[in-house]
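Novice: The sequence isn't on hand, but the structure is:
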């Protein structure tokens, strides 16, 4: 049996990403040919208006057209386009669906938070499980939502929280740097969401906590002291809980100008990384505390560059 060449697209609240890969039909191993990301901020204003803004829609569809060119050039035979939080929340998502179909020839699937979590789990644990014990709590921290999923070989429990770096920035963190009152309000939102999530996902069962997506990888780059973004050093990095929390608090307290000066910082994350760091810190604290309450100890956190994109690719192979 020959490998399948597939294209996976993940369109979230902040970014749109593409993975073109060959998938071995026997082992399920992905051989990456192209992986790219552009910040298009599709979720601009959705939390407030309930609609996709015309300029955000235009940015996203322009990038979808560019991805169509790459997919054709590389000869992928199957494509799956998954859209997540911002599109789930938008009244005018039909415009988005029609626009993507016209440019890519495939209809975007607006997946549920639970399916989003399952795809992220599959993508992350396919690599992480070789070096770390389960059960895993996999956390996919996005722009509009954050997915939590627990499992070892397969997802056992999953929940999608309506907190993310774009949503919390727009809702609370408007000052530069954020004020104490703004930070307290954002923390309250995240803690309330975690209270609800923990009723479905028993976080205290985690043997390994795995973080995915741009906010987490950016925090990791900061904790590692990188001068530029280095995917190879970030992927699989193991940080202590204290290292992670310190990096989160430092990014949260910085001004936009100070964040912009960091060599690893993507320009599209400068204004939202404070909120992303806040969410990640609250999740790490909550999992650590719930593991301790269950009689265990969580001392470290794993970062993975393998995420929902890998899960989407595997799902269509």
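Specialist: Arrived safely. As the structure is a computational prediction, the values presented were derived from the model and not from experiment.

Novice: So which bits of stretch 185-202 are buried?
Specialist: Of the residues in stretch 185-202, 186, 187, 189, 190, 193, 194, 197, 198, 201 count as buried by neighbour count, 16 or more other C-beta atoms under 10 Å. Every C-beta, even on glycine, is put in place using the N, C-alpha and C of the backbone.

Novice: Just flag the most distant two among those.
Specialist: The span of the buried residues of stretch 185-202, defined through C-beta to C-beta, is set by 186 and 201 at 21.2 Å.

Novice: In the stretch 1-150 of the chain, mark out all the strands, start to finish.
Specialist: Here the stretch 1-150 of the chain has its strands, by DSSP state E, counting those that start in this stretch, at 4-11, 15-23, 30-39, 78-83, 109-110, 136-141, 146-151.

Novice: should've said the stretch 151-300 of the chain
Specialist: 155-161, 208-212, 238-240, 300-303.

Novice: pLDDT below threshold where in the stretch 201-317 of the chain?
Specialist: Across the stretch 201-317 of the chain, nothing is flagged by pLDDT under 70.

Novice: picking up where we left off before, tell me which of the strands of the stretch 151-300 of the chain sits nearest to residue 291.
Specialist: Nearest to residue 291, of the strands of the stretch 151-300 of the chain and by C-beta to C-beta, is strand 208-212 at 8.4 Å.

Novice: which helices and strands does that closest one pack with?
Specialist: helix 113-128, strand 136-141, helix 273-293, strand 300-303 (3 or more C-beta pairs under 8 Å, 6 or more residues apart in numbering; DSSP states H and E).

Novice: The second one vs strand 4-11, what angle?
Specialist: For the pair strand 136-141 and strand 4-11, the angle between their directions (axes from the mean of the first three to the mean of the last three C-alpha atoms, to 10 degrees) equals 60 degrees.

Novice: tell me the angle of strand 136-141 relative to strand 146-151?
Specialist: Using the same axes, to 10 degrees: strand 136-141 against strand 146-151 is 170 degrees.

Novice: Now do strand 136-141: which elements does it pack against?
Specialist: Using 3+ C-beta pairs under 8 Å, 6+ apart: strand 136-141 touches helix 113-128, strand 146-151, strand 208-212, helix 214-223, helix 273-293.

Novice: Parallel or antiparallel, list what pairs with that strand.
Specialist: strand 146-151 (antiparallel), strand 208-212 (parallel) (DSSP bridges).

Novice: how about the ones you listed in CSV, adding mean neighbour count?
Specialist: Compiled in CSV, those are given as follows (neighbours: other C-beta atoms under 10 Å):
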stretch, mean neighbour count
strand 146-151, 27
strand 208-212, 25
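
Novice: can those strands go into a markdown table with extra columns for distance to residue 224?
Specialist: A markdown table is the format used below for those (distance: least, C-beta to C-beta, whole Å):
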| stretch | distance to residue 224 |
| --- | --- |
| strand 146-151 | 22 |
| strand 208-212 | 14 |
